[in-house]
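In: Return a 3D structure for these sequence lines:
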Amino acid sequence: MTAERAGAISRRALSEGRQAGRTAGRWLAQQSGRLAATWRQSLQFRVAATTVAVTGVIVLLIGLFLIDQISNGVLRAKRNAAVAQANAGLDPARTHFAGVTPGDITGIRQAADQLTTDLTSSSNNAGLFTIAIRSPDASVDQQLAAGPPIPNDLRTVVRTGVLAVQYAPVTLANQRSTPGLIVGEPVSTRAGSFELYYLFPLSAEQNTIRLVQRTALLAGVALVLLVAVIAVLVTRQVVRPVRVAAQTAQRLASGDLTQRLRVSGEDDIALLATSFNDMAISLQQQIHRLEQLSRLQQRFTSDVSHELRTPLTTVRMAAELLYTSRDSFEPALARSAELLYNELDRFENLLSDLLEISRYDAGAAHLEVEKIDLVGVVERAVTASHSLARRHGTELRAVLPRGPIMVEIDSRRVDRILRNLIANALDHAEGKPVEIRVGADEQAVAVAVRDRGVGLRPGEAGLVFNRFWRGDPSRSRLTGGTGLGLAISLEDARLHAGWLQAWGERGEGAVFRLTLPRTAGGTLVSSPLPLAPTEVDA
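Out: Residues are numbered from 1 along each chain as shown. Purely as a prediction, here's the structure:
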C-alpha cells in the first residue's frame with residue numbers, strides 16, 4: 001500500500017468519523033428539542049419529572065445512608081468478634097510455648113503448628129480464620145514465615161506490645177486473595193516474644209454488603225417508579241380537567257358560545273368549572289348585546305348615509321351655483337360663497353371617512369383582492385399628489401425599482417393608504433422634499449414615505465394613528481384633513497394582514513412604512529425596508 005493511498009484512506013475515515021459525529025450531534029439536538037418542547041407544553045410531564053427527580057435524590061441519599069450504616073455495623077460486629085477471638089487465644093498460646101526453651105527452633109515450630117491446629121479447630125463466633133505466628137527474632141521468624149504474609153506496618157505496631165487490627169487482603173488455602181481482617185497481638189513466653197496473627201476472610205461480609213446494596217438499589221428503583229406512577233395518576237386527575245377547560249375555552253374563543261364544562265362534585269375543579277360556565281354565559285350575553293348594537297349601528301350608518309347624502313347633494317348644487325356666480329356678488333358675499341363651497345368639500349370628505357370607520361367598527365369591511373403591479377399603484381398615487389405638492393411648494397421624489405412587483409392586494413385601499421401618507425408628509429414637510437421608496441423580498445413588499453420636516457416627539461409614533469389626533473393643532477393644513485386619514489390607513493393595512501408603522505425625531509422628519517404580504521393571507525415576519533432612515537439616506 002502506497003503512502004498516498006494510506007493517506008486517502010485515513011482522510012476518508014476521518015471524514016466519515018466527522019460525518020457520524022455531526023449526525024449524532026443533530027440527533028441529540030433533535031431529542032433535546034423534543035424534550036424541551038414536551039417540558040414546556042406538558043404540565044403533567046413537568047410534575048411527574050420533578051417528582052421523580054426529587055424522589056430519586058431522596059431515595060439515593062437514604063439508600064447511601066442505610067448502606068453505610070449496615071456496612072459499618074457488619075464490619076464492626078466482625079471486628080469485635082475477631083478481637084474477642086484473639087484475646088481468647090492468648091492463654092493457649094502461652095501454654096503451648098511454656099515448655100519450649102529459647103533457641104529450640106524445632107520445639108518452637110512444633111509448638112506453633114500445634115497452637116495453629118488447636119486455635120483453628122476450636123469453636124468461635126468470629127467465623128473461619130487462619131493463624132500466622134511470627135517472631136521479632138530474624139532467625140526464628142525465618143523458620144516461621146511459611147504462613148500467609150503479614151503487612152509490615154501491622155507488625156511494627158504489634159511489636160510495640162499492643163493488639164492491632166488492620167483491613168488488608170488475606171490469602172486463603174487455595175491461594176486466592178480476598179478482602180480480610182487481620183488481628184495481631186504480642187505473646188511473651190519463656191521461649192521468647194512472638195506475634196500471633198488471626199487472618200479473617202471477609203467474603204461472607206462482602207456478600208452480605210453486596211446483597212444489601214442490590215436490595216437497596218432494586219427497592220430504590222421500584223420506589224421511584226412507583227412514585228412516578230402515582231405522580232402521573234395524581235397529576236392526571238388535575239391536569240385532565242384543566243386540559244378539558246383549555247379545549248373548551250379554545251372552542252369558545254373560536255365562536256362556539258354554547259360550549260360548557262361538566263360540573264361534578266364540590267371540589268376546586270368543580271368550582272373552576274362553575275366559574276367558567278358563568279363566564280361563558282356572561283360572554284354569550286354580552287356578545288349577543290354587542291351583535292344587536294352592531295346591527296343597530298349598521299342600520300344607523302346606512303340610514304344616516306342615505307339621509308345625509310340627499311340634502312348634501314341639494315346643498316352642493318346650490319353651493320356650486322353660488323360659487324360659479326360669485327364674480328357678480330359683492331366681495332363679502334363672494335367670499336362667503338367660496339367658504340361654503342370649500343367647507344362642503346371638507347364635510348363630504350368627513351362624512352365619507354366617518355362612514356368608512358363605521359364599516360370597520362361594524363366588521364363590514366372586506367378586501368377585493370387582485371394581482372397587480374405595486375409599482376404602478378405607487379406611481380398613480382404619486383402622480384395624483386403632484387398638484388398638492390405644488391401647493392405646498394414641496395418636491396416629490398419616488399425611488400422605484402425598474403421592474404414590476406406583482407402582489408395580491410386591494411388596489412383601491414392601498415392607493416388610499418399611499419395618498420393619505422403622502423398628504424400627511426406634505427403637510428409636515430415644511431417645503432423640504434418628500435421621498436417615496438419601494439422595496440420587496442420573497443415574502444413581503446413595503447412602501448416608505450419620508451419627510452424631513454418637524455418630525456415627531458418621543459412617544460408620538462404610537463399616537464399618530466389615533467382618530468382625530470394631531471401633533472400640533474396650531475399648524476395650518478392645506479389638505480383640509482378630517483383627522484381620520486391615518487386611522488383609516490391603519491385599518492386598511494390590518495385588513496391586508498400588514499403593518500403600518502411610524503418613526504420620527506424632532507427636527508429630523510418622519511417615516512411612515514407600509515408592509516404587506518405578497519400573497520393574500522400571508523404572514524409577515526420582517527419588512528424589506530428599514531423603518532428608521534439609514535445614515536446614507538439621512
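
In: quick one: low-confidence parts of the stretch 251-400 of the chain?
Out: Scanning the stretch 251-400 of the chain for pLDDT under 70 picks out 297-298, 301-302, 304-306, 358, 361-364.

In: residue boundaries of the helices in it?
Out: 268-324, 331-361, 374-384, 386-392 (DSSP state H, counting those that start in this stretch).

In: Out of those helices, which is the most enclosed?
Out: helix 374-384 (a mean of 18; mean count of other Cβ atoms under 10 Å). Yep, even glycine has a C-beta here, placed from its N, CA and C like the rest.

In: who does the top strand by length along the chain pair up with?
Out: Looking across the chain with DSSP state E, the single longest strand is strand 177-189. Sheet pairing of strand 177-189 (DSSP bridges) gives strand 164-171 (antiparallel), strand 192-201 (antiparallel).

In: quick one, which of those strands is nearest to residue 105?
Out: Taking Cβ to Cβ, strand 192-201 is the member of these nearest to residue 105, at 11.0 Å.

In: what about that closest one, distance to the chain center?
Out: Averaging C-alpha positions (Cα atoms, centre = their mean, to the nearest Å) puts strand 192-201 68 Å from its chain's average.

In: again, but for stretch 160-170
Out: When distances are taken as Cα atoms, centre = their mean, stretch 160-170 is centred 60 Å away from the chain's centroid.

In: Can you give the contact residues for that stretch?
Out: Contact with stretch 160-170 is made by 79, 82-83, 86-87, 130, 148, 151, 153-154, 157-158, 177-186, 199-202, as judged by Cβ atoms under 8 Å, 6 or more residues apart in numbering.

In: Domain map for the chain?
Out: Under the assignment automatic domain parsing, the domains of the chain span 89-201, 260-365, 370-472+481-517.

In: what's the span of the shortest one from first residue to last?
Out: Start and end residues of domain 260-365 are separated by 32 Å (Cα to Cα, to the nearest Å).

In: just so I know, which of the strands paired with strand 177-189 lies nearest residue 460?
Out: strand 164-171 (83.6 Å).

In: Report the mean per-residue pLDDT for that closest one.
Out: Strand 164-171 shows an average pLDDT of 86 in the prediction.

In: what comes up buried for that strand?
Out: 164-166, 170-171 (16 or more other Cβ atoms under 10 Å).

In: Throw those into CSV and include distance to residue 390, thanks.
Out: Shown next, in CSV, are these (distance: Cβ to Cβ, whole Å):
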residue, distance to residue 390
164, 115
165, 112
166, 110
170, 113
171, 114
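
In: on that earlier part again, take the helices of the stretch 251-400 of the chain and lay them out in CSV including distance to residue 411.
Out: Listed next are the helices of the stretch 251-400 of the chain as CSV, based on distance: least, Cβ to Cβ, whole Å:
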stretch, distance to residue 411
helix 268-324, 24
helix 331-361, 16
helix 374-384, 5
helix 386-392, 20
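
In: Nearest to residue 455 among the ones you listed would be which one?
Out: Nearest of these (Cβ to Cβ): helix 386-392, 16.8 Å.

In: Packing partners of that closest one?
Out: On a contact count with 3 or more Cβ pairs under 8 Å, 6 or more residues apart in numbering; DSSP states H and E, helix 386-392 meets helix 411-428.

In: tilt between the helix it packs on and helix 374-384?
Out: Angle, helix 411-428 to helix 374-384, by axes from the mean of the first three to the mean of the last three Cα atoms, to 10 degrees: 50 degrees.

In: Helix or strand next in line after helix 411-428, which one?
Out: strand 434-440 (DSSP states H and E).

In: As a markdown table, the strands paired with strand 177-189 with distance to residue 429 would be great.
Out: Formatted as a markdown table, these follow (distance: least, Cβ to Cβ, whole Å):
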| stretch | distance to residue 429 |
| --- | --- |
| strand 164-171 | 95 |
| strand 192-201 | 102 |
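
In: Just tell me which of these ends up closest to residue 422.
Out: strand 164-171 (94.7 Å).

In: quick check, nearest of the buried residues of strand 164-171 to residue 421?
Out: residue 166 (94.2 Å).

In: now the closest one: how far from residue 154?
Out: Applying Cβ to Cβ, to the nearest Å, the value for residue 166 to residue 154 is 5 Å.

In: Common neighbours of those two, please.
Out: With Cβ under 8 Å, 6+ apart, residue 166 and residue 154 have common neighbours 182, 184.

In: what's the burial count for residue 160?
Out: 8 (other Cβ atoms under 10 Å).

In: Residue 150 in helix, strand or coil?
Out: Of the three states, residue 150 takes coil under DSSP: H, G, I helix; E, B strand; the rest coil.

In: List the contacts of it.
Out: Residue 150 neighbours (Cβ under 8 Å, 6+ apart): 132, 134, 182, 184, 195, 197.

In: Low-confidence bits of the stretch 1-150 of the chain, can you list those?
Out: Across the stretch 1-150 of the chain (using pLDDT under 70), the flagged ranges come out as 1-11, 13, 17, 41, 122-126, 143, 145-147.

In: What is the neighbour count of residue 96?
Out: 23.

In: now do the one 4 residues further on
Out: Look at residue 100: counted by other Cβ under 10 Å, it has 20 neighbours.

In: just the buried members of the contacts of stretch 160-170?
Out: Neighbour counting over these (16+ other Cβ under 10 Å) leaves 79, 82-83, 86, 130, 148, 154, 157-158, 180-186, 199-202 as the buried ones.
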